[in-house]
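Participant: Pasting the sequence and the predicted model now:
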Protein chains: 2
Amino acid sequence: MTQEHLVLFTPSGKRGHFETGTPILTAARQLGVDLDSVCGGRGICSKCQITPGYGEFSKHGVTVAPGALSGWNSVEQRYKDKRGLIDGRRLGCQATVQGDIVIDVPPESQVHKQVVRKRAEVLNITLNPSTRLYYVEVEEPDMHNPSGDLERLVHALETQWQLKNLQADFNILPQMQQILRKDNWTVTCAVHHADNGIDPQIVHLWPGLYEGTIYGIAVDLGSTTIAAHLCDLRTGDVVASSGQMNPQIRFGEDLMSRVSYAMMNPGGDKEMTRAVRDGMDALFTQISAEAEIDKTLIMDAVFVCNPVMHHLFLGIDPFELGQAPFALATSNALRLFAHQLDINIHPSARVYILPCIAGHVGADAAAVALSEAPDKSDDLVLVVDVGTNAEILLGNKEKVLACSSPTGPAFEGAQITSGQRAAPGAIEKVEIDPLTKEPKFRVIGCELWSDENGFWDAVKDSGITGICGSGIIEAIAEMRMAGLLDPSGLIGSAEQTGTERCVLDGRTNSYVMYDGSATGGPKITVTNPDIRAIQMAKAALYSGARLLMDKFGVDKVDRVVLAGAFGAHISPKHAMVLGMIPDVPFERVTSAGNAAGSGARIALIDTSQRNAIEQTVRKIEKIETAIEPKFQEHFVNASAIPNSSDSFSLLKATVPLPDVNFNTGGGGTGRRRRR
Amino acid sequence: MTQEHLVLFTPSGKRGHFETGTPILTAARQLGVDLDSVCGGRGICSKCQITPGYGEFSKHGVTVAPGALSGWNSVEQRYKDKRGLIDGRRLGCQATVQGDIVIDVPPESQVHKQVVRKRAEVLNITLNPSTRLYYVEVEEPDMHNPSGDLERLVHALETQWQLKNLQADFNILPQMQQILRKDNWTVTCAVHHADNGIDPQIVHLWPGLYEGTIYGIAVDLGSTTIAAHLCDLRTGDVVASSGQMNPQIRFGEDLMSRVSYAMMNPGGDKEMTRAVRDGMDALFTQISAEAEIDKTLIMDAVFVCNPVMHHLFLGIDPFELGQAPFALATSNALRLFAHQLDINIHPSARVYILPCIAGHVGADAAAVALSEAPDKSDDLVLVVDVGTNAEILLGNKEKVLACSSPTGPAFEGAQITSGQRAAPGAIEKVEIDPLTKEPKFRVIGCELWSDENGFWDAVKDSGITGICGSGIIEAIAEMRMAGLLDPSGLIGSAEQTGTERCVLDGRTNSYVMYDGSATGGPKITVTNPDIRAIQMAKAALYSGARLLMDKFGVDKVDRVVLAGAFGAHISPKHAMVLGMIPDVPFERVTSAGNAAGSGARIALIDTSQRNAIEQTVRKIEKIETAIEPKFQEHFVNASAIPNSSDSFSLLKATVPLPDVNFNTGGGGTGRRRRR
């Protein structure tokens, strides 16, 4: 009788009894242990590395027998010589059971390992990609029993990898016969596993064992910028991140001007579709070049975007989104082929677009919901994704509400006199001394404040070129705290404020933050129109949040998450001084970075999250700000910059705001706050 | 309590009890009676016409109550005024049950009616197309409960037509919103129902009730010709048939020369793919123009072809088919989109390609198997599809064997001195007087024989231009019967035969069938090389059939079916004189016309036949002629033209063959038959 031995796998804790000589990979498969393998146990892919865990064995009350694994063999030695293997590691397909043993599966050998990214935002994602690699040995053709090469390839995948109901993508057919014959009827297949019940499809073939990887791309398609993360689908790692301006900008900076463009210009929607698709394709070319990979290795793509970008990207005229009842063409998630969107990556590459929540709350908001999971939060969380359009989610485990608010492009530095995109040379942090009214600032690309030693040397190369979105927020909040600004948003004159930095600029005053004109540089000022633009933007944001709070039946929230590229750089203190967000303790305001992009990455790397977010989105309660009278009311109330009599009690305790009023009744433009 | 009445439907015999006021359409649906409707019971499509069957009622033992249906109503009157309605007919959606009644559903109101074609071959097919029309009323968008237009459209189809798991083709999205709004949220949808478990897909939308139809196309892609039938998918009728030469002809007349072209010329396979796809697209344009329909109304296409054409059409290099083991890239049926083959019909049109049987036995043979159903035959049937390549099936209910045989293009009139395609002016029937050795003939386009009054007038326009495949068969058989030809295939001299029509032509003799040179016309002769080409072709055909008979373990068959455009015109007597087919009584040789094309039509009109033929093909036993020593042996034995000592006893009884031998030992080329 053959002897059986106990094999215990960590970290899963799965255990079973196996006969002497059973390969560890076989034992792992039979127990459903998460142990990777591309070559199917042929000792050539090295994905099934394991560590015999002698030391920890007694913990489980099992006696350790020395030699519980078979000896180091020539296959392992050859692999180690050729490619290296960490000491103590074994190949799970070579090492066989010889006695009771504990086997540790290191994270990189787990198929469904947790992925923690280094670059881009750190996320904890289970690796469960749509497209995976399988190595097989295919039977040769037999004239006496004729069957197609494809049918024998499918048979090999079915018997060697237990894949069921496999289909083949049409694109593999032209080269298949040559590839099968190139390395003696061994081949590595990329198989796409759909998340919606469609049969798995063979989408690519390499002769022999393919030792490279395949990629996916997660894209946040914003009105102003397109940001993409290129991910290794075998490891989940982000290998490159890149962004560029949305080429549609030339048709209008905000969404409604693009909708108008489509309405006013026959074929305008098609022009914009062309522009964004071309831009997308160019971005993919660029990111592939940065990562030094072949673009056709990108086999999956996830897109998130607001409804107008969604429609324009899909080739749908956004006309209906420009007027009540703001009917989306389709709100459900979309599963397409990349070529249907004119994206030239792998010819069989798939595209997943997250569902839209409502006519004004898009797939980007769904991605934020996926990333920030308000529906799984115990406390009441307000998630604000600040962009040209702000998406706002409010909720907890009980329910989640969503709306969007048209903030316009001011927060992204557009329509601001000295405004610019967040790039080296842009002022991003500002402090103004309440006594001297003198500013100090930091610019992107330099860790020093402008009053620190070495600052001017450090910024010599980039120069000081303008002020970005977070910089203008801080500047205005600091101006308000320094008494340079009254609650209505008017900048005081030099006489009123006691600083020569306040200068007459047309019929109102401006504040000169930096004057580089002596050395040929720019003069960076904050003007009253800038303040008005920011006031409108922040009022829109605040009103949306208040409206959701009304609908939820609360007048405060437990915490606030600021999402969006801009949200990542905003200072909670300044946002609250400005009245952008409802007041909560500072430490309860966190930044989620590009949460929409993170949501896209989650849907890319872990396809089980696609159905999950589709379910979640169905349950989210949609609030249409455009038809809510309360929204208008909140908006009017929110356009001022809070003064000391406001309800921002928490804020007031830490930041006393000066009670000033610069409205002279003449050139003033600030709207007085209604009480 | 509401009263219930018995409603009995004919011809189905289905019956049930229904409350007073139940519409007949509703009753039919609940009982699963096959009653058509596009508008879903709104009285606008008139597809649900029925006839109340008072007269026959007593047959079923039920008392007839007068007024068993509700009275003629204004909807019916309006329809009758506008479009006409046969007297006695009612609309099933308007007429309601008022008492016990028999309802007759006329054939044109049955969805799954049997289709009998008038043009093309007559077939009995159940109407069960992939793509069908549905009229729905869609809910308008609601800001307070936002959902996409598409989601509401899908909901309407689900609730109004009980369709499940509907998906939308990406192509409908760009125009969908406009179409939905054009006729007050009513729309007709074309829905594609896959035959392989894929969810049904909405593929087209028309505003309001679309009163037109949609089309499918069945194509027999031969080496020499492409033949297409355009079918109405709502009725199953063939509305146009068209054909053209396969543009690949310029790369070689037979399949192996095209395979060689691909081998010798880098990129040659791509050139040929381009040629056949362009030709296909041109043919579709032509047939649409003939039928005066919009090409984009063609929503489904079925293709049958031999393996080499199959691969070239799909863009696969046929290299492997040119050498043992003749491995097909794929043998299974293919379900594709038309655009993947560069065919510009409806952008979401589907393509179905029947399975291949083996490396040399293609989807055309599978289509013949579908059309002629040897697997359902009680007696042993030999089905021969004669073309540039002959596909041969032999079988009965017990088992079916298949092989192919390279007959070459001689049967299609190619490589024949005076040969031409079957077209007006071509000699298609020949008789030679055994005494005078004088020929008479008929040409395509004229019903008269050449010795009948008025013949020369009748052919004045077309002229006499050459001899087609069936003509050369008859000519050679008649020459043999008239003693102009010996069993080895040599034509006798004028002296040997006693006719001046036999003339020296190089080192052998030719027979002058018609000499128009005096009037500037051609001289039509049958030469010894012609006879050799036909001998090779018929030997290949006969040897394939014999090989299958050997494998089946029989030395005779019960009946023979001649398929193929050529098979339709061939005379059984002449085929048997020539030794093309094994001998059976003349009356047991039938012509199936273009059986491959008919199989394609069946798969187009009744999609349930697709899975059925795939199952059948899996069970067919494939015989590869190239590796069967017996095939060579049969081939050598079969190249002669049978003489009186042959085993063709049935034939001999009716057609005594002269025992002549013209081999003078010098210029002869005929191979002597081995005994």
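Facilitator: Received it, and whenever you're ready, just let me know what you need. Numbers count the residues shown, from 1 in each chain, chains lettered A, B, ... in the order given.
Participant: how about the nearest residue to A:Arg250 once chain neighbours are set aside, what does it touch?
Facilitator: Nearest residue to A:Arg250, sequence neighbours excluded (C-beta to C-beta, 6 or more residues apart in numbering or on different chains): A:Ala275, at 7.5 Å. Using the backbone N, CA and C atoms, a C-beta is placed for each residue, glycine as well. A:Ala275 makes contacts with A:Pro247, A:Gln248, A:Arg250, A:Phe251, as judged by C-beta atoms under 8 Å, 6 or more residues apart in numbering or on different chains.
Participant: Run a quick neighbour tally on the last one.
Facilitator: If I follow you right, that is A:Phe251. By the measure other C-beta atoms under 10 Å in any protein chain shown, the count of residues near A:Phe251 is 21.
Participant: cool, A:Tyr261 as well?
Facilitator: 18.
Participant: same question, A:Gly315
Facilitator: 20.
Participant: I'd guessed it sits against A:Lys270; true?
Facilitator: Yes. Using C-beta atoms under 8 Å, A:Gly315 makes contact with A:Lys270 at a distance of 7.4 Å.
Participant: Residue numbers of the stretch 251-400 of chain A in contact with chain B?
Facilitator: A:314-317, A:319-320, A:324-332, A:334, A:336, A:340, A:356-359 (C-beta under 8 Å from any C-beta of the partner chain).
Participant: From those residues, which land in helices?
Facilitator: Residues of those located in helices (DSSP state H): A:Leu314.
Participant: In the stretch 401-550 of chain A, what residue spans correspond to strands?
Facilitator: A:426-432, A:439-443, A:466-467, A:502-505, A:508-515, A:523-526 (DSSP state E, counting those that start in this stretch).
Participant: Just the strands from the stretch 101-250 of chain A, written as ranges.
Facilitator: Counting by DSSP E, counting those that start in this stretch, the strands of the stretch 101-250 of chain A are A:101-104, A:114-116, A:124-126, A:131-137, A:167-168, A:186-192, A:201-207, A:215-221, A:225-232, A:238-245.
Participant: buried sites along the last one?
Facilitator: Spelled out, that is strand A:238-245. A:Val238, A:Val239, A:Ala240, A:Ser241, A:Ser242, A:Gly243 (16 or more other C-beta atoms under 10 Å in any protein chain shown).
Participant: tell me which of those residues is nearest to A:Met299?
Facilitator: Of all those, A:Val239 has the smallest distance to A:Met299: 14.0 Å, by C-beta to C-beta.
Participant: so what's the closest one up against?
Facilitator: Here A:Val239 is in contact with A:Tyr215, A:Leu230, A:Cys231, A:Asp232, A:Ala291, A:Ile293 (C-beta under 8 Å, 6+ apart).
Participant: Strictly from the record, what residue spans define the domains of chain A?
Facilitator: A:4-109, A:114-207, A:215-353, A:373-408+A:542-641, A:411-532 (automatic domain parsing).
Participant: close to chain B, is the second one?
Facilitator: In other words, domain A:114-207. Yes. Contact of domain A:114-207 with chain B (C-beta under 8 Å from any C-beta) involves A:140-151, A:168, A:170, A:173-174, A:176-178, A:198.
Participant: which among those end up buried?
Facilitator: Looks like the residues of domain A:114-207 next to chain B have A:141, A:143, A:146-151, A:168, A:170, A:173-174, A:176-177, A:198 buried, using 16+ other C-beta under 10 Å.
Participant: Is it possible to get JSON lines of the contacts of A:Ala275 that adds pLDDT?
Facilitator: JSON lines is the format used below for the contacts of A:Ala275 (pLDDT from 0 to 100):
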{"residue": "A:Pro247", "pLDDT": "86"}
{"residue": "A:Gln248", "pLDDT": "86"}
{"residue": "A:Arg250", "pLDDT": "79"}
{"residue": "A:Phe251", "pLDDT": "83"}
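Participant: Could you pick out the buried ones from those residues?
Facilitator: A:Pro247, A:Gln248, A:Phe251.
Participant: hang on, the second one packs against A:Leu312?
Facilitator: Yes. Using C-beta under 8 Å as the test, A:Gln248 is close enough to A:Leu312 to be in contact (7.0 Å).
Participant: List the residues that are in contact with both of those two.
Facilitator: In contact with both A:Gln248 and A:Leu312: A:Arg258, A:Met272, A:Val276, using C-beta under 8 Å, 6+ apart.
Participant: Lowest average confidence across the domains of chain A, which one?
Facilitator: When those are compared by mean pLDDT, domain A:4-109 comes last with a mean of 82.
Participant: hang on, A:Gln77 in a strand?
Facilitator: No. Checked against DSSP: H, G, I helix; E, B strand; the rest coil, A:Gln77 lies outside a strand; its state is helix.
Participant: Next, count neighbours for it.
Facilitator: Counted with other C-beta under 10 Å, A:Gln77 comes out at 12.
Participant: show me where the stretch 1-150 of chain A has helices.
Facilitator: Under the criterion DSSP state H, counting those that start in this stretch, the stretch 1-150 of chain A contains helices at A:24-31, A:74-83, A:149-161.
Participant: Dump the strands of the stretch 101-250 of chain A to TSV, plus distance to A:Val554.
Facilitator: Listed next are those as TSV, based on distance: least, C-beta to C-beta, whole Å:
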stretch	distance to A:Val554
strand A:101-104	48
strand A:114-116	34
strand A:124-126	29
strand A:131-137	44
strand A:167-168	51
strand A:186-192	45
strand A:201-207	48
strand A:215-221	30
strand A:225-232	33
strand A:238-245	36
